[in-house]
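K.L.:
would you be able to build a 3D model of this:
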Amino acid sequence: MVERRDEIGATTVSAEVAEWSREKPRQFWDPSRKLLLAIRRYQHWRNKKGIVAACACKWCVLRHHFWSIVTGAEIPLNCRIGGGLLINHPNGVVINPEAAIGVNCLIFQQVTITNDDKGRGVPEIAGHVDIGAGAKVLGPIKIGAHAKIGANSLVTIDVPAGATALGVPARILPESVTARERSVRSISTPNGSPTVTPQAT
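P.N.:
Take a look at the predicted model:
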C-alpha cells in the first residue's frame, strides 16, 4: 500500500485505497459531494439492464445536470475518478472524461485537467494528489502519488511521486524531490514536535 504520514504524524492517507467517507454528503446542501454522488450513482446503474436501471440513470442525469449548474463545474458522468475525491470549492473545475484521477485526491476551485493545446492525450494522476486553486494540468503527463500542484501553476511535465510542482510553466521544487528521495517518516513525539526518522535501507 502506498501511503504517507502528514507533517505531524497524525494522519495517514492512502494513495491506493479509497476513503469513501470523504465523499459522503455532510448535509442536504453540499453541492460538491452531491455532484460526485450523482456521478457515482450513474456509473453504478449505467451497465445494468431493466426499466429500474434505465429510470435510475435518467434520474442521475437530471441530478448531475442540476448540481453541475449549481457548482459551475464540468465533471462528466463518464469520468475516471477514484474514490475519496475532495472538491471543497467546485466552482470552475473542468475535468476531461478521459483523464484518470486516483483515489483520495484534493482539487480546489478553477482547476482544469485536460489535453493540451495540440490535443495530445490527457493527464494520469495517481492517488492522494493535491491540486491548488487555478492550476492547469495539461497533456499526456503523469502525476505521481502524494504529489502537490501549486495554485495557478501550469503543469505540462511529469511530476514524480511526493514532489511539488509550482509556477508557469511549472517546475519541480528541488527540496520536494530531496525529501522524497530520503523517504523519511515523521513521527509525533510526546510534546507534539515531529521527529524525522529515515527508513531502514
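K.L.:
and stretch 146-165, how far from the chain's centre?
P.N.:
12 Å (C-alpha atoms, centre = their mean, to the nearest Å).
K.L.:
other residues contacting that stretch?
P.N.:
2, 4, 15, 108, 116, 123, 126-139, 141-145, 166-173, 176-177, 179-180 (C-beta atoms under 8 Å, 6 or more residues apart in numbering). The C-beta positions use only the backbone N, C-alpha and C, and glycine is treated the same way.
K.L.:
just the C-alpha atoms of that stretch, please, in PDB.
P.N.:
Only the C-alpha atoms of stretch 146-165 are listed here, as PDB (Å, rounded to 0.1, in the frame of the first residue of the first chain):
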ATOM      1  CA  HIS A 146       1.300  12.200  -2.900                       C
ATOM      2  CA  ALA A 147       2.400  15.000  -5.300                       C
ATOM      3  CA  LYS A 148       1.300  18.600  -4.800                       C
ATOM      4  CA  ILE A 149       0.500  21.100  -7.500                       C
ATOM      5  CA  GLY A 150       0.800  24.800  -6.500                       C
ATOM      6  CA  ALA A 151      -2.000  27.300  -7.100                       C
ATOM      7  CA  ASN A 152      -2.200  28.800 -10.600                       C
ATOM      8  CA  SER A 153       0.500  26.500 -11.800                       C
ATOM      9  CA  LEU A 154       0.600  25.400 -15.500                       C
ATOM     10  CA  VAL A 155       1.800  21.700 -15.400                       C
ATOM     11  CA  THR A 156       2.800  20.100 -18.700                       C
ATOM     12  CA  ILE A 157       5.600  17.900 -17.400                       C
ATOM     13  CA  ASP A 158       5.600  14.700 -15.300                       C
ATOM     14  CA  VAL A 159       5.700  15.200 -11.600                       C
ATOM     15  CA  PRO A 160       7.400  12.500  -9.500                       C
ATOM     16  CA  ALA A 161       5.700  10.900  -6.500                       C
ATOM     17  CA  GLY A 162       5.900  13.100  -3.400                       C
ATOM     18  CA  ALA A 163       7.200  16.100  -5.400                       C
ATOM     19  CA  THR A 164       5.800  19.600  -5.600                       C
ATOM     20  CA  ALA A 165       5.300  21.400  -8.900                       C
END
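K.L.:
next SSE after the longest helix along the chain?
P.N.:
What stands out as the longest helix in the chain, according to DSSP state H, is helix 51-71. Going down the chain from helix 51-71, the next helix or strand is strand 80-81, by DSSP states H and E.
K.L.:
what lines up beside that next one in the sheet?
P.N.:
Strand 80-81 has the following strand partners under DSSP bridges: strand 100-101 (parallel).
K.L.:
re the thing from before, filter the contacts of stretch 146-165 down to the buried ones.
P.N.:
2, 4, 15, 108, 116, 123, 126-139, 141, 143-145, 166, 170, 172-173, 176, 180 (16 or more other C-beta atoms under 10 Å).
K.L.:
okay, and which of the residues you listed map to strands?
P.N.:
4, 130, 131, 136, 137, 138, 143, 166, 172 (DSSP state E).
K.L.:
now the second one: how far from residue 168?
P.N.:
Remark: distance between residue 130 and residue 168 (C-beta to C-beta, to the nearest Å) = 18 Å.
K.L.:
low-scoring stretches of the chain, by residue?
P.N.:
Where the chain drops to pLDDT under 70, the residues are 1-11, 175-201.
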